[in-house]
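Q: build me a structure from this.
(one chain, ligands or ions: 1)
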Amino acid sequence: MKYLQKCQKCHKYGLQNPESKCRYCGGMLINPRPPKFSLVDKYGKYRLQYFKEEFDKKFK
Ligand SMILES: [Zn+2]
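A: Here you go, the predicted model:
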């Protein structure tokens, strides 16, 4: 059995496929429990931007 992914649109579960497409509605399949590092990375970007702005305020 392959990995199950969840549809972003209709929230049905489907098997992982190369296109990550839901076979019911054509929506995007996502991992039900995304790995932690992707979340960190997502917020890391904002944090980096924030620090950059703070840095610019103080030193420019
Ligand atoms: Zn769907």
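
Q: other residues contacting stretch 17-36?
A: Residues outside stretch 17-36 that contact it (C-beta atoms under 8 Å, 6 or more residues apart in numbering) are 3-10, 12-14, 16. Every C-beta, even on glycine, is put in place using the N, C-alpha and C of the backbone.

Q: if you average pLDDT over it, what comes out?
A: The pLDDT scores in stretch 17-36 average 86.

Q: check whether it comes near the ion.
A: Yes - shown here: stretch 17-36 in contact with the ion (C-beta under 5 Å from the ion) through 22, 24-25, 27.

Q: tabulate the contacts of stretch 17-36 (TSV), appending distance to the ion and neighbour count.
A: What follows is the contacts of stretch 17-36, written out as TSV (distance: C-beta to the ion, whole Å; neighbours: other C-beta atoms under 10 Å):
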residue	distance to the ion	neighbour count
Tyr3	16	9
Leu4	13	12
Gln5	10	19
Lys6	9	18
Cys7	3	20
Gln8	7	13
Lys9	5	13
Cys10	3	12
Lys12	5	13
Tyr13	9	12
Gly14	7	17
Gln16	14	12
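
Q: ok, of those residues, which one's closest to Lys45?
A: Gln8 (20.7 Å; C-beta to C-beta).

Q: identify the residues contacting that closest one.
A: With C-beta under 8 Å, 6+ apart, Gln8 has these contacts: 22, 27-30.

Q: so for Tyr50, what's the pLDDT?
A: On the pLDDT scale, Tyr50 gets 82.

Q: ah, wrong one, I meant Tyr43
A: Looking at Tyr43, its pLDDT is 66.

Q: ok so, going back, just put the contacts of Gln8 in a markdown table and tack on neighbour count.
A: Listed next are the contacts of Gln8 as a markdown table, based on neighbours: other C-beta atoms under 10 Å:
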| residue | neighbour count |
| --- | --- |
| Cys22 | 22 |
| Gly27 | 18 |
| Met28 | 14 |
| Leu29 | 23 |
| Ile30 | 13 |
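
Q: tell me the bridge partners for Gly14.
A: Beta-bridge partners recorded for Gly14 (DSSP bridges): Gln5.

Q: and Asp56, what element?
A: Using DSSP states H and E, Asp56 sits in helix 36-59.
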